[in-house]
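K.L.:
what shape does this take:
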Amino acid sequence: MSTEEREFDQEQQQLFLVLGGEVTDPRGVHFVDPEKLDIKGVFATYEAAIKVWRGAAQQTVDNAFMKYIVVRLR
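P.N.:
Numbers count the residues shown, from 1 in each chain. Sure, this is the predicted structure:
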């Protein structure tokens with residue numbers, strides 16, 4: 001398999017990262033300390049990532065300054 005074929009294969013795979021942490025403003029996603037982010041994992045489907053995101057977000061619902069997000073990786 002050539003290098004070009006591997007690069008093409010990687011472009012086709014979608015991955016989703018779920019992470020969270022304390023933010024400076026509940027309306028944004030500027031994390032207070034990026035080195036202390038809670039990384040929940042990388043998921044092959046958006047549906048799987050949302051399930052994990054929802055669980056993490058619900059655990060911290062009482063703290064407006066804790067935010068979890070789903071990031072699409074390319």
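
K.L.:
got the end-to-end distance for stretch 26-34?
P.N.:
Stretch 26-34 stretches 16 Å from its first residue to its last (Cα to Cα, to the nearest Å).

K.L.:
go through stretch 39-49 and flag the buried ones.
P.N.:
Of all the residues in stretch 39-49, those buried under the rule 16 or more other Cβ atoms under 10 Å are 40, 43, 49. Backbone N, C-alpha and C define where each C-beta goes, glycine included.

K.L.:
which residues does the second one bridge with?
P.N.:
Applying DSSP bridges to residue 43 yields these beta-bridge partners: residue 16.

K.L.:
look up the pLDDT of it for me, please.
P.N.:
Per-residue confidence at residue 43 stands at 98 (pLDDT).

K.L.:
that one contacts residue 52, correct?
P.N.:
Yes - with contacts defined as Cβ atoms under 8 Å, residue 43 counts as touching residue 52 at a distance of 6.8 Å.

K.L.:
intersection of neighbour lists for those two?
P.N.:
By Cβ atoms under 8 Å, 6 or more residues apart in numbering, residue 43 and residue 52 have these common neighbours: residue 18.

K.L.:
check the offset of the top helix by length along the chain from the chain's centre.
P.N.:
Looking across the chain with DSSP state H, the single longest helix is helix 46-59. Centroid separation for helix 46-59 versus its chain: 10 Å, with Cα atoms, centre = their mean, to the nearest Å.
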